[in-house]
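**Q** model the following, please.
(2 chains)
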Protein chains: 2
Amino acid sequence: MNSIVALAGGVGGAKLAHGLAQVLAPEQLTIIVNTGDDFEHLGLHISPDLDTVMYTLAGLANPETGWGLAGETWNFLEALGRLNGETWFRLGDRDLATHIERSRRLWAGETLTEVTQALCAALNIHVSLLPMTDDVLRTMVQTDEGELEFQEYFVHQQCRPRVGGFRFDGLQAAAPSAAVVAALEKADAIIFCPSNPFVSLDPILSLTDVRERVQQKRAIAVTPIVGGQALKGPAAKMLAELNLDVSPVAVAQHYAGLLRGFVLDSVDSALVPDLEALGLQVLVTDTIMRTESDRARLALEVLDWGLGIGG
Amino acid sequence: MNSIVALAGGVGGAKLAHGLAQVLAPEQLTIIVNTGDDFEHLGLHISPDLDTVMYTLAGLANPETGWGLAGETWNFLEALGRLNGETWFRLGDRDLATHIERSRRLWAGETLTEVTQALCAALNIHVSLLPMTDDVLRTMVQTDEGELEFQEYFVHQQCRPRVGGFRFDGLQAAAPSAAVVAALEKADAIIFCPSNPFVSLDPILSLTDVRERVQQKRAIAVTPIVGGQALKGPAAKMLAELNLDVSPVAVAQHYAGLLRGFVLDSVDSALVPDLEALGLQVLVTDTIMRTESDRARLALEVLDWGLGIGG
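**A** Residues are numbered from 1 along each chain as shown, chains lettered A, B, ... in the order given. Next up is the predicted model:
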């Protein structure tokens, strides 16, 4: 039985992770999630990417936004505004339970890995969902308005500042968790979900020895860029501001030396030769996941093809 | 212009405090509130009595319960239950904003007095609302099931255990705040609101020198017992379990040496001689506050009469 590791960040990554969870046995799949977006807000520990993946796997995600909970209400935030509290980060009433329970457990001494396991168990998630590290690593966005914490850039400033680079604060002291290392070691394939290369997957890849461990395996990326655009989030804007092509080829080049295969969207099939020129095997298919069955269909296609390429 | 201090705990105290706020200029009134009920829950600092008084003064209290916020929703708590979190203490979605903002400010180094001032300012409360202390004092209830933290006894166990006594944990290290001392010093009258003597007002009175400061002033208690019952809460049950009469006279005896006047409900007018025998002046009136105008009417009566008795 094959062991599959998925590396994931936000909404697009969560969708493919959900597809993989639909088509694999729970013990076959480990999803390693970016925690570089984590931050302290209102004194609570918030893990936006872990929550997006967790809610998506639990079938609780808001189908319109892709993040947050379906049927959410906002009475806490309204009351906080009345108290002149900080309301720029939209915390829903139901979502808040996750942040408070996670924070409470962390303060009680549990690791983020342990907390995530407990939350997943409560939500009947049977695949292994792992934060990339139990240490503190914070993605900093270097912009024309100075270096900004990720959520300050992403939510508060709505990605408006022009990006010049990224820094992972705490990287020297952060290690992948033992569970992450074990999952990478036993993986038969590693799937880079269609997540932002700079702020979702690079934090994972930058952890000690993760890049080397990935190189030893059959790694396949699913394009986060389709038809010159990112389906969600600032990946396209970041590529342009970094003077890179807004193209799957630029993403593949960014992952140079890590990948054996690349999954390209049908609308970009003209780019196959460019990807092959990078030494990559290429699958061309419809990568846009509009429905839950799209997620499972793409996951199956990626697995069937990916497990067949040179290992 | 007279300066008035009110000592208050939960719902009954909040109602009279609101009446006093309606009939006095803001600078005339200081409300000193019990914080012996405060506790840490889900990692947050919760001040139930401060909130009851604050919400009542702001006109936001739930008119049916007397505590919590009107129009409250419970989606946070439902989601917390789904995560197997602790749900016995009912935290509403809007109410939670108070606990999170208060906790955030405390963690940032503000005193509870400063936090309360900021929250009151945001809610357009103009009278001075003071926690009795910025230190940690915790009311412990000694019962036939052992010593229980107050909220464990009051909310979790719904006052079921039989009470044998009380202990104020942290009392030796707790001091009344400077603002509390200053308010007591300049007070022309001190009004004991119709709050539980054991668990609402005793914590305040037990703080260093508070009893002595009250003795130097014209202090008046409004009865928390009417017709052999407490209108709200466990005061009657506690009196009975402590082998005391469930009577305003027992309450007056409990406050022995502190009071000059006692406000008795009309239904208990037969008890006037017993109270006079304790050396107290007595006002007999309708003390039950069903409406907001009842609160103002009682406040005016208490002030008019109280400021006239021997000072």
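
**Q** for the closest residue to chain B within the stretch 201-311 of chain A, what are its contacts?
**A** Residue of the stretch 201-311 of chain A nearest chain B, by C-beta to the nearest C-beta: A:Glu292 (21.0 Å). Backbone N, C-alpha and C define where each C-beta goes, glycine included. With contact set as C-beta atoms under 8 Å, 6 or more residues apart in numbering or on different chains, A:Glu292 has these partners: A:18, A:22.

**Q** tell me the pLDDT at it?
**A** Reading off the confidence values, A:Glu292 has pLDDT 92.

**Q** same deal with A:Glu64?
**A** Predicted confidence (pLDDT) for A:Glu64: 88.

**Q** you'd agree it is in a strand?
**A** No. A:Glu64 is assigned coil when assessed by DSSP: H, G, I helix; E, B strand; the rest coil, not a strand.

**Q** give me the distance between it and chain B.
**A** As judged by C-beta to the nearest C-beta, to the nearest Å, A:Glu64 and chain B stand 18 Å apart.

**Q** near that residue, how many other residues are there?
**A** Other residues lying near A:Glu64 total 8 when counted by other C-beta atoms under 10 Å in any protein chain shown.

**Q** and what of A:Ile191?
**A** As a burial measure, A:Ile191 scores 28 neighbours (other C-beta under 10 Å).

**Q** given whatever helix or strand it lives in, what are its sheet partners and their directions?
**A** Take DSSP states H and E as the rule and A:Ile191 turns out to sit in strand A:189-192. For strand A:189-192, sheet partners with direction are given as strand A:4-8 (parallel), strand A:219-222 (parallel), following DSSP bridges.

**Q** I'd like the next helix or strand past the last one.
**A** Yep, that's strand A:219-222 we're talking about. Defined by DSSP H and E, the subsequent element after strand A:219-222 is strand A:225-226.

**Q** pairing partners for the helix or strand just after that next one, with directions?
**A** On the C-terminal side of strand A:225-226, the closest following helix or strand by DSSP H and E is strand A:229-230. Pairing partners of strand A:229-230, with direction, according to DSSP bridges: strand A:225-226 (antiparallel).

**Q** run through who's touching the partner strand.
**A** Around strand A:225-226, the neighbours that count as contacts under C-beta under 8 Å, 6+ apart are A:235-236, A:239, A:246-248, A:250-251, A:265, A:267-268, A:287-288.

**Q** quick check: helices, which of those residues are part of them?
**A** Helix and strand membership here follows DSSP state H; of the contacts of strand A:225-226, those in helices are A:235-236, A:239, A:248, A:250-251.

**Q** tell me the mean pLDDT over the strand holding A:Ile191?
**A** 98.

**Q** neighbouring contacts of it?
**A** Contacts of strand A:189-192 with the rest of the structure, by C-beta under 8 Å, 6+ apart, involve A:2, A:4-7, A:16, A:20, A:184, A:201, A:214, A:217-222, A:255, A:259, A:302-303, A:306-307.

**Q** which of these are buried?
**A** Restricting those to buried positions leaves A:4-7, A:16, A:20, A:184, A:201, A:214, A:217-222, A:255, A:259, A:302-303, A:306, with burial counted as 16 or more other C-beta atoms under 10 Å in any protein chain shown.

**Q** quick check: A:Thr106 is in a strand.
**A** For the record, residue A:106 is Leu, not Thr. No. Looking at A:Leu106 with three-state DSSP, it is helix, so not inside a strand.

**Q** surely it touches A:Thr113?
**A** No. Counting by C-beta atoms under 8 Å, no contact exists between A:Leu106 and A:Thr113, whose distance comes to 10.9 Å.

**Q** now the strands paired with strand A:189-192 in JSON lines, with distance to A:Ser195?
**A** Shown next, in JSON lines, are the strands paired with strand A:189-192 (distance: least, C-beta to C-beta, whole Å):
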{"stretch": "strand A:4-8", "distance to A:Ser195": "6"}
{"stretch": "strand A:219-222", "distance to A:Ser195": "9"}
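
**Q** now these in a markdown table, with distance to A:Leu83 and mean pLDDT?
**A** Listed next are those as a markdown table, based on distance: least, C-beta to C-beta, whole Å; pLDDT from 0 to 100:
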| stretch | distance to A:Leu83 | mean pLDDT |
| --- | --- | --- |
| strand A:4-8 | 35 | 98 |
| strand A:219-222 | 44 | 98 |
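
**Q** and A:Ala97, helix, strand or coil?
**A** Under three-state DSSP, A:Ala97 falls in the helix class.

**Q** how close does it get to chain B?
**A** According to C-beta to the nearest C-beta, A:Ala97 and chain B sit 4 Å apart.

**Q** just list the residues touching A:Val214, thanks.
**A** A:Val214 neighbours (C-beta under 8 Å, 6+ apart): A:184, A:190, A:205, A:258.

**Q** count the residues that sit near the last one.
**A** The one in question is A:Leu258. Residues contacting A:Leu258 under the criterion other C-beta under 10 Å number 19.

**Q** pull up the residues of the stretch 101-250 of chain A that are close to chain B.
**A** Counting by C-beta under 8 Å from any C-beta of the partner chain, the residues of the stretch 101-250 of chain A lying close to chain B are A:101, A:103-104, A:107, A:118-119, A:122-123.

**Q** so which of these is surrounded by the most neighbours?
**A** Per-residue neighbour counts (other C-beta under 10 Å) across these peak at A:Leu119, which has 25 neighbours.

**Q** surely that one is in contact with B:Leu83?
**A** Yes. Between A:Leu119 and B:Leu83 there is a contact at 6.0 Å, judged by C-beta under 8 Å.

**Q** dump the residue contacts of A:Thr35.
**A** When contacts are taken as C-beta under 8 Å, 6+ apart, A:Thr35 is in contact with A:47, A:49-50, A:112, A:131-133, A:137, A:203.

**Q** gap between it and chain B?
**A** With distances taken as C-beta to the nearest C-beta, A:Thr35 is found 19 Å from chain B.

**Q** now swap in A:Ala8 and tell me
**A** Counting by C-beta to the nearest C-beta, the gap between A:Ala8 and chain B amounts to 21 Å.

**Q** hey, what's that residue bridged with?
**A** With DSSP bridges applied, the residues forming beta bridges to A:Ala8 are A:Val33.

**Q** who are the neighbours in contact with the residue nearest to A:Pro248 when sequence neighbours are not counted?
**A** Beyond its immediate neighbours in the sequence, the residue positioned closest to A:Pro248 (C-beta to C-beta, 6 or more residues apart in numbering or on different chains) is A:Thr223, lying 4.3 Å away. For A:Thr223, the residues meeting the contact criterion (C-beta under 8 Å, 6+ apart) are A:194, A:248, A:251, A:262-265, A:268, A:287.
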